[in-house]
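# fold the following for me, if possible:
(one chain, ligands or ions: 1)
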Amino acid sequence: MTLPRLAAEDIALHEAAIDFLNDAELGPAAPDRLAQVRYEIATTGTYRHTYDELTLGALIAWRNSARCIGRLHWRSLRVLDRRDCTTAEEVAQACVEHIRFSANGGKLRPAITLFAPQRPDGERIRIWNPQLIRYAGVRMPDGGVVGDPMNVEITDLAIRLGWRPKGGRFDVLPLVIQMPGEGPRLFELPQDAVDEVDIAHPDLPWLADLGLRWHVLPAISDMSLDMGGLRYTAAPFSGWYMTTEIGARNFGDEARYDLLPEIATRMGLDTSSSRNLWKDRALIELCVAVAHSFRSAGMRIVDHHQASKQFVRHVQREREAGRGTPADWSWIVPPVSSSTTEAFHRYYDAPDSGRGPQLVHQDGPPVGGCPVSH
Ligand code: ARG
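Residues are numbered from 1 along each chain as shown. Sure, this is the predicted structure:
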């Protein structure tokens, strides 16, 4: 069979595809498969991954994620192939199924759902929410924010599309989904799909009165899985939380819920000077409360000591397999008690940008005006 000529604009895609298919981990690419991919690209401007290619690519993309401390578990990632979804309703429904599958009643399972990749004409599916489950952050006239200040942009977009804020600090946002050639649309998550934990402290009974809660599933939904020259622009993935993500960063950061002054004051600490380490003490108690509450509710969570140990084990295993572990020290090292964890006391291979399947950042939700596509 003589192969059709590739158009100039398809050469880069073809090269990336061949690179990916020849990757030793997939096994040597069969000549038939290479010919088929070349034919598909020449005639349609794109090609379709087999389920095995999709799965292994997604696993490798996780393994390549230089900021993730949880990579010991990369082989256990479940890949949900939802390239069949053609409407926003179907994508929303598949996101709900993803949440239920991955949350799994508290026995969380790492999973990624892949929707159809970006088309040759640039049209793509986008989930504008940074995560499938996020709390609204509503701007107030006085410049303050009710809820999570990290999410004001997606909340603004939801409001522009007709969503009514409910006024609480922990109101789950609707999904904002945009299909090729269409405008963005809203989909509320069914309440029973979203597991949340009320936060209480084992020895500080007043902490439960603050009404703090957090969702069980961290499911990042705004990154693109790029592999073999294709971009899966809608590819939500999830695992389980590490305690400090919630207790230290989400609750403690000044640009987030900013709870340290209140916690310290309730603990009876003097907050007028940093010298008594009131912030540090409040931070630890918040993390204790998060760990305790998740465990009592039967929801899987990992503390930073165990996660660091597992990560160092992962690095060793990878070395035994003849691979390096790209890692970004400033992201891997936990934000609390860093020097007590193994991950702190060493350096890592520099992230090698652009080689192999990668999870990459994309532009955020459009500000102002209502986007129609892209
Ligand atoms: N830090 C983010 C959050 O607090 C979640 C990032 C992903 N974390 C994870 N354990 N998979 O929501």
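# tally of neighbours for the residue nearest to residue 180 when sequence neighbours are not counted?
Using CB to CB, 6 or more residues apart in numbering and skipping residues adjacent in sequence, the residue nearest residue 180 is residue 123, 3.5 Å away. Yep, even glycine has a C-beta here, placed from its N, CA and C like the rest. Residues within reach of residue 123, counting by other CB atoms under 10 Å, total 14.
# and the spatially closest residue to residue 3 that is not a sequence neighbour, what does it touch?
Leaving out its chain neighbours, the residue that sits closest to residue 3 by CB to CB, 6+ apart is residue 38, at 5.5 Å. Residue 38 sits next to 3, 4, 6, 14 when contact means CB atoms under 8 Å, 6 or more residues apart in numbering.
# one step back: and the residue nearest to residue 180, how far is that from residue 233?
Residue 123 sits 10 Å away from residue 233, going by CB to CB, to the nearest Å.
# could you do residue 361 as well?
Applying CB to CB to residue 361 and residue 233 gives a distance of 11 Å.
# which of these two has more residues huddled nearby?
Comparing residue 361 with residue 233 by other CB under 10 Å, the one with more neighbours is residue 233, at 23 against 8.
# sec struct for residue 153, please.
Using DSSP: H, G, I helix; E, B strand; the rest coil, the secondary structure recorded for residue 153 is helix.
# residues near it, how many?
Applying other CB under 10 Å, we find 15 residues neighbouring residue 153.
# nearest spatial neighbour of it, skipping sequence neighbours?
Distances taken as CB to CB, 6+ apart place residue 365 nearest to residue 153, at 5.4 Å, with adjacent residues excluded.
# swap in residue 297?
The shortest distance from residue 297 to any non-neighbouring residue, by CB to CB, 6+ apart, is to residue 197 (4.8 Å).
# which parts of the protein sit against the ligand?
70, 218, 220, 239, 241, 242, 245, 246, 250 (CB under 6 Å from any ligand atom).
# pipe these into JSON lines and attach secondary structure per row.
Converted to JSON lines, the residues of the chain next to the ligand look like this (three-state DSSP):
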{"residue": "70", "secondary structure": "coil"}
{"residue": "218", "secondary structure": "coil"}
{"residue": "220", "secondary structure": "strand"}
{"residue": "239", "secondary structure": "coil"}
{"residue": "241", "secondary structure": "strand"}
{"residue": "242", "secondary structure": "strand"}
{"residue": "245", "secondary structure": "helix"}
{"residue": "246", "secondary structure": "helix"}
{"residue": "250", "secondary structure": "helix"}
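# make JSON lines out of these and add distance to residue 43, neighbour count and pLDDT.
Formatted as JSON lines, the residues of the chain next to the ligand follow (distance: CB to CB, whole Å; neighbours: other CB atoms under 10 Å; pLDDT from 0 to 100):
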{"residue": "70", "distance to residue 43": "41", "neighbour count": "18", "pLDDT": "98"}
{"residue": "218", "distance to residue 43": "41", "neighbour count": "20", "pLDDT": "98"}
{"residue": "220", "distance to residue 43": "35", "neighbour count": "17", "pLDDT": "98"}
{"residue": "239", "distance to residue 43": "39", "neighbour count": "24", "pLDDT": "98"}
{"residue": "241", "distance to residue 43": "45", "neighbour count": "26", "pLDDT": "98"}
{"residue": "242", "distance to residue 43": "47", "neighbour count": "25", "pLDDT": "98"}
{"residue": "245", "distance to residue 43": "46", "neighbour count": "21", "pLDDT": "98"}
{"residue": "246", "distance to residue 43": "49", "neighbour count": "26", "pLDDT": "98"}
{"residue": "250", "distance to residue 43": "48", "neighbour count": "20", "pLDDT": "98"}
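# between those residues, which is nearest residue 167?
Among the residues of the chain next to the ligand, residue 250 lies closest to residue 167 (CB to CB), at 20.0 Å.
# these two touch, right, the residue nearest to residue 153 and residue 155?
No: using CB atoms under 8 Å, residue 365 makes no contact with residue 155, being 9.8 Å away.
# compare these two (neighbour count), which wins?
Taking other CB under 10 Å, residue 365 and residue 155 do not tie; residue 155 has more neighbours (27 against 20).
# number of residues surrounding residue 330?
For residue 330, the count of nearby residues is 8 (other CB under 10 Å).
# ok but it is inside a helix, no?
Yes: per three-state DSSP, residue 330 lies within a helix segment.
# who touches it in this structure?
By CB under 8 Å, 6+ apart, no residues touch residue 330.
# how near is it to the ligand?
Here the criterion is CB to the nearest ligand atom, to the nearest Å. By it, residue 330 lies 14 Å from the ligand.
# point out where this structure drops to low pLDDT.
Residues of the chain that meet the criterion pLDDT under 70 lie in 1, 24, 353-354, 368-374.
# that one: helices as residue ranges?
Applying DSSP state H to the chain gives helices spanning 11-21, 31-44, 51-63, 88-103, 152-160, 243-244, 251-252, 260-266, 278-296, 304-320, 329-332.
# most packed of those helices?
Among these, helix 243-244 has the highest mean neighbour count (mean count of other CB atoms under 10 Å), at a mean of 24.
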